[in-house]
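Asks: just coords:
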């Protein structure tokens, strides 16, 4: 079977490598003796490792890392990058992920030696600038969220959820109510991280139904609200892209019942600078710096998930806290008896703090409001352009994202997956699909505010063409994509016979014994794993 | 607005198509009393040039490690980052993609992760590794959960034992995560040589589900990891080792030692110290735990035409499928840091990493021997081997020594009194390829001036 990169592939590789080289791993590029770095001489009169370390401390078998020259290295990873779509190459309307433009200025700022090259254990007097940025970003996030205290420690949204839930739990402990308050109510449209975070916090996730209008089912919420409830965890706008206008009333009910309200801030972009979640009755929330505040998604992180809380929860926030002394100097405070403790080493994703701060200072208050308004404008524009071609999951105005259903197309023989793959052939990254789980054949489209009308129009044109193709020739769609480096991949095989790492094909004599049940062994026993 | 491209005509035409009069009408469902159409009070907007200057001024108030000799390590290490790492990791196709949900459009990211998983498994001497976790501390927590059978899994053994040789902040994180779980977290102190007391371990591990230790320890000491693993396993506990991703090129690997899982802070592999994050959590384990692993896993498969390709796999472990029954709540990890580590490890290669580890080892030993000759100074654990960090007893409190070094333009080591008041006269010094022989001479000269008061 010929393995090759097709002409016209994503990323514009131009003349691709010969077919047999197209999918080679770095390990296959390796030749003993090559190296892509130059290291200094030790420069001290010390003997080697054999003399400095006893035999029991020394490694017997060295790690089989690849050995390549610098150009081979650059070419290999440049070619791999060309097999990717990113915001820089392609419209990327991945719902709930807020794939907005990542400003290049912020990358340059984060690389300044005074920010990239500083250690968290330096004397605070040597890092006052860094502490200042932490302190200032906390203030700005407090203003945006309408909540009083912020911790920048959580490493991502899910980590923020867990941290926030731990604070809620600690608050209940302080009131002697933790033993009975073990339930967290979560709408059935929520991200999977919500219930997973609840479990990690030693509590029980209880789903709340979604009503016919796509909002939280108020009667169902009421029915499940009792003295066992620790918190209500809600996403607003919801993952359906709808504003929960009853949130203030729901929060009031929750508070009256002795429970708190956690807001999953994944969709904050719709409210940025125009709505402060604190005004809606929220007690705790996280902010995704990698979504709302434009820090790059990096192919799956790093994220950053600061949490903001009402002042009565401030004593429970993770340590250390950054505090300003009477002399104006900033310092780290760890002596907080009610704190939940640390949730990660050091202070948080500082590299994302620098970028998010820069993003926020590139905007005025009116500009930030404009971000939310244009994000909502773009989503609604897509909604009205596509509403005659796809079912809109719920009627009415949407916020920053619109959820469509390919139910109609599915009946004709082309699923949401097929539509997504068809988009790939038309030069677009697909939206989020099959989520929220409560919408069959869901297509969750979040355009963000940084795209032009022309791009949105081209995307809508492609979506309409795909709807027509689904009616006319669904088989053609089931064959998509055809223009990318690979066609549809066999995910069943990947899960049934997992090959999770590259292995050399040793000569039979020096083939290492493989552990029983080693799935990699099965894969390399038959066909070479490298072809 | 800085990054919004619409013209007034665009907005007008789009609003018309939607059928509303103005942008605020899009927010009709928002209660008026909480809606701020003109935005919130905010500092003035800065132009690009102003913003750069503003941040350069703030950055100039920090003292970069690269600006003077620095001997600070303790979990975040200043190693040289080859230019290729920054250059390749800055490519927009990598930088601005997200989790590879659409494999056909993400073969670059997916293959990088596959290579990363292979390299991490190789470093650890174990069979499989995942696509990364937030950092070394959270990787340790996830490894404990994995080995005990899940966060809430309560078998007969409801105890987790942590060696005090583990980074104190990692131990704090473990305690935070376990605060509401039906497990007891117990600490096992290092002995007078800075190593695990095997008899005490045998006793402590008898009721433990998992024993965790770090080698080289936070104090720099190297454990006899084989003996530690053997003792814990004989008592029926699974073992996770926190290892050093550079030291492991020359030191017994967790796999060789017999650990069931290994975790590390991958920051030394081409990632800036950047004030403590983002860094890179590494997790490797044995094949039998694959279906309990947290986080993303990439597998190799074939496409419709039989060509090799990569996908996210075994996703039924994960939160977006399994929700409250997932092995972890992790979603976004630190993909870009994993990319940097992959490029870094490929750039150094097998020989390069071993050479680098040896340089650290040699410089640390040279410096340690010389420091031990200075009046009033001594090694804290003189009988125990170490790698690139060494704990040194000082004639005066370490904080005082550091003030003296600062006055001489040197960033000193970590004052171990920060975590243990009994160690206020002990300093943890770190030596790498960045601490040149000349830097070491400067350090020795400055330390020689320190006298017991």
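Replies: Now that the structure is in, tell me what you want to look at. This one's a predicted model, so the numbers in the text were calculated from it and none came from an experiment.

Asks: so which helix or strand of chain B has the lowest pLDDT on average?
Replies: helix B:319-322 (a mean of 86; mean pLDDT, DSSP states H and E).

Asks: what about the strands in the stretch 251-400 of chain B?
Replies: Counting by DSSP state E, counting those that start in this stretch, the stretch 251-400 of chain B has strands at residues B:261-265, B:281-285, B:298-302, B:308-312, B:378-379, B:389-393.

Asks: cool, and chain A?
Replies: A:149-151, A:183-187, A:204-208, A:229-235, A:260-264, A:284-286, A:307-309, A:321-324, A:330-333, A:391-392, A:402-405, A:432-433, A:442-445 (DSSP state E).

Asks: buried sites along the last one?
Replies: Of the residues in strand A:442-445, those scored as buried under the neighbour-count criterion (16 or more other C-beta atoms under 10 Å in any protein chain shown) are A:442, A:443, A:444, A:445. C-beta here means a position set from N, CA and C on the backbone, and glycine is covered the same way.

Asks: neighbouring contacts of it?
Replies: A:93, A:95-96, A:239, A:241, A:379, A:382, A:390, A:393, A:401-406, A:416, A:419-420, A:430-436 (C-beta atoms under 8 Å, 6 or more residues apart in numbering or on different chains).

Asks: what residues does stretch A:62-79 touch?
Replies: A:13, A:17, A:26-27, A:29-37, A:504, B:84, B:87-88, B:91, B:112, B:119, B:122-123, B:125, B:248-249, B:253, B:343, B:345-351, B:353-354.

Asks: from the contacts of strand A:442-445, which ones fall inside helices?
Replies: Those of those mapping onto helices are A:379, A:382, A:416, A:419, A:420, per DSSP state H.

Asks: out of those residues, who's near chain B?
Replies: The subset of these within reach of chain B, by C-beta under 8 Å from any C-beta of the partner chain, is residue A:420.

Asks: nearest to chain B, of the ones in helices among the contacts of strand A:442-445?
Replies: For the ones in helices among the contacts of strand A:442-445, the minimum distance to chain B (C-beta to the nearest C-beta) is 6.8 Å, reached by residue A:420.

Asks: OK, contacts around the residue lying closest to the closest one once chain neighbours are set aside?
Replies: Computed as C-beta to C-beta, 6 or more residues apart in numbering or on different chains, the closest residue to residue A:420 that is not its neighbour in sequence is residue A:430, at 3.5 Å. Counting by C-beta under 8 Å, 6+ apart, residue A:430 touches A:93, A:94, A:419, A:420, A:421, A:423, A:424, A:443, B:102, B:105.

Asks: thinking again about what came up before, what would the strands of chain A look like in a markdown table with mean pLDDT?
Replies: Listed next are these as a markdown table, based on pLDDT from 0 to 100:
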| stretch | mean pLDDT |
| --- | --- |
| strand A:149-151 | 98 |
| strand A:183-187 | 98 |
| strand A:204-208 | 97 |
| strand A:229-235 | 98 |
| strand A:260-264 | 98 |
| strand A:284-286 | 98 |
| strand A:307-309 | 98 |
| strand A:321-324 | 97 |
| strand A:330-333 | 97 |
| strand A:391-392 | 98 |
| strand A:402-405 | 98 |
| strand A:432-433 | 97 |
| strand A:442-445 | 98 |
